[in-house]
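Asks: No letters, just coordinates:
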């Protein structure tokens, strides 16, 4: 009987420690707050109104860093707001909500794609937010300008941080994902993307060494498309290309080249340093945090961040952010639904170290 009571007390003590001494700070992340998105402006405001009404405090990444490293504390009912890419809607729709409820947020900007300012008429036309093709994704009209970012900083509510120079990708392995159509439908990828060329598995340029496919193979496929006047976007063309690819491999040695480790590290350092310099030049502030493009990272890029002066980094990994946690692997959960009941459940889940860990183990997060 005594042993049972002691065991029960031990369990209660562990739960008390995990929930009240090692509690988790949820870090939410969004990309857009646009009328066409699930997290449209009125949905986002309703979410923030709910949190403010329940007594939750928005804290900055600097405050989260202090909490995780043990140098300072934050209220137990705290959360962090983050936005990736630095789109114009963050300035146009997000900032008024932050001001209304006096909430803090961090906006991670892709530094190499924005302009100082844009004509008002051009900016207003861009508010229609056409379908997200590669052209639109890289269009400066879609991103907040440096002037607008500085206005967000001046509000005292927004922390502008780094999301890399171009948010680009590299081919990361010889795993074939298909064949290129000649149209860029996403953020840029290094390598040969002409119609008919091999589309290899891709990943963040900061997280992976660059893989270069066989040039002669690509020339063979490109010429095949041209000589036969095939539509590269047609499904049947893709099937024919698969056959041609297999035939070529059966007759030829397919060469491939991986970037050297030293070149990879040098390239990543240049990317990080250039991006950091742009932020310093245009905002007068040195970034303290990086948002890993595509949520992909490794130990090498983390060491580069430490060496370059960054205090931490955010991921797209789910989980708990607790005292003693790694500030270079800050966990976040994406808000991608408009359903308020879902939002409340997921937010509550990420406040609890025990619940989010059990949930993550069940769904294979870790």
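Replies: Yep, that arrived. As the structure is a computational prediction, the values presented were derived from the model and not from experiment.

Asks: number of nearby residues for residue 339?
Replies: 11 (other C-beta atoms under 10 Å). Bear in mind the C-beta positions are built from the backbone N, C-alpha and C, glycine included.

Asks: Which helix or strand contains the nearest residue to residue 224 once chain neighbours are set aside?
Replies: Closest residue in space to residue 224, ignoring its immediate chain neighbours: residue 244 at 5.8 Å, by C-beta to C-beta, 6 or more residues apart in numbering. Residue 244 is located in helix 235-251, with elements delineated by DSSP states H and E.

Asks: Wait, a strand at residue 187?
Replies: No: per DSSP: H, G, I helix; E, B strand; the rest coil, residue 187 lies outside any strand segment and is coil.

Asks: How is this protein divided into domains?
Replies: 19-163+288-363, 169-204+214-255 (automatic domain parsing).

Asks: hmm, back to that, any chance you could list what contacts the helix holding residue 244?
Replies: The list of residues contacting helix 235-251 from outside it, by C-beta atoms under 8 Å, 6 or more residues apart in numbering, reads 176, 178-179, 196, 198, 217, 220-221, 224-225, 230-231, 254.

Asks: 10 Å instead, please
Replies: Residues from elsewhere that reach helix 235-251 (C-beta atoms under 10 Å, 6 or more residues apart in numbering): 176, 178-181, 195-199, 214, 216-217, 220-221, 224-225, 228, 230-232, 234, 254.

Asks: From the residues you listed, which land in strands?
Replies: 176, 178, 179, 198, 199 (DSSP state E).

Asks: Pick out whichever of those residues sits closest to residue 86.
Replies: The nearest member of the ones in strands among the contacts of helix 235-251 to residue 86, counting by C-beta to C-beta, is residue 199 at 27.9 Å.

Asks: ok, how many other residues are close to that closest one?
Replies: Neighbour count for residue 199, taken as other C-beta under 10 Å: 18.

Asks: what's the burial count for the closest residue to residue 256 other than its chain neighbours?
Replies: Spatially, and ignoring its direct neighbours in sequence, residue 256 is nearest to residue 174 (5.3 Å; C-beta to C-beta, 6+ apart). Neighbour count of residue 174, defined by other C-beta under 10 Å: 14.

Asks: for the strand or helix carrying residue 174, packing partners?
Replies: Element membership for residue 174, per DSSP H and E: strand 169-179. With contacts taken as 3 or more C-beta pairs under 10 Å, 6 or more residues apart in numbering; DSSP states H and E, strand 169-179 sits against strand 198-204, strand 211-212, helix 215-227, helix 235-251, strand 257-258.

Asks: Nearest to residue 311, out of those?
Replies: strand 198-204 (20.7 Å).

Asks: can you give me the strands for the stretch 51-200 of the chain?
Replies: For the stretch 51-200 of the chain, the strands defined by DSSP state E, counting those that start in this stretch cover 57-58, 78-85, 105-109, 158-162, 169-179, 198-204.

Asks: Just put the ones you listed in CSV and tack on distance to residue 258.
Replies: Shown next, in CSV, are these (distance: least, C-beta to C-beta, whole Å):
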stretch, distance to residue 258
strand 57-58, 43
strand 78-85, 29
strand 105-109, 29
strand 158-162, 27
strand 169-179, 9
strand 198-204, 12
